[in-house]
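Asker: All I have is the shape, not the residue letters:
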């Protein structure tokens with residue numbers, strides 16, 4: 001029997017400042033995983049989360 005695809009999907013959120021800043025003090029990019037409802041939120045999600053590399057709250061955007 002075929003399994004149904006759910007409405008909720010798992011997404012990855014990545015720090016925008018770590019990605020764009022080349023002069024950061026530690027290598028790496030802060031990433032979080034979360035879920036979103038595919039029907040209600042069709043666009044890319046943006047949340048303010050704590051970045052361990054920037055030591056502050058920054059905008060994290062959804063990546064593919």
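Answerer: Sure thing, it's come through. This structure is a prediction, so every number in the text was calculated from the model and none was measured.

Asker: So residue 41, which state does it fall into?
Answerer: coil (DSSP: H, G, I helix; E, B strand; the rest coil).

Asker: Kindly provide the distance from it to residue 49.
Answerer: 16 Å (CB to CB, to the nearest Å). C-beta here means a position set from N, CA and C on the backbone, and glycine is covered the same way.

Asker: Which one's more surrounded, the two?
Answerer: The residue with more neighbours, out of residue 41 and residue 49, is residue 49; 16 against 12, by other CB atoms under 10 Å.

Asker: May I have the beta-bridge partners of that one?
Answerer: Applying DSSP bridges to residue 49 gives these bridge partners: residue 58.

Asker: what are the ranges of the strands in the protein?
Answerer: Under the criterion DSSP state E, strands of the chain are mapped to 8-15, 31-37, 46-51, 56-63.

Asker: Same list (these) but as TSV, adding distance to residue 21 and mean pLDDT.
Answerer: Formatted as TSV, the strands of the chain follow (distance: least, CB to CB, whole Å; pLDDT from 0 to 100):
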stretch	distance to residue 21	mean pLDDT
strand 8-15	9	94
strand 31-37	15	94
strand 46-51	11	94
strand 56-63	10	94
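
Asker: dump the residue contacts of the residue nearest to residue 50 when sequence neighbours are not counted.
Answerer: Among residues not flanking residue 50 along the chain, residue 57 sits closest, at 5.5 Å (CB to CB, 6 or more residues apart in numbering). Listed by CB atoms under 8 Å, 6 or more residues apart in numbering, the contact set of residue 57 reads 48-51.

Asker: Out of those residues, give me the one that has the most neighbours.
Answerer: The most crowded member of those, judged by other CB under 10 Å, is residue 51 (21 neighbours).

Asker: isn't that one right next to residue 14, touching?
Answerer: No. Residue 51 is not in contact with residue 14 according to CB atoms under 8 Å; the separation is 9.8 Å.

Asker: which neighbours do these two share?
Answerer: Common neighbours of residue 51 and residue 14 (CB under 8 Å, 6+ apart) are 30, 60.
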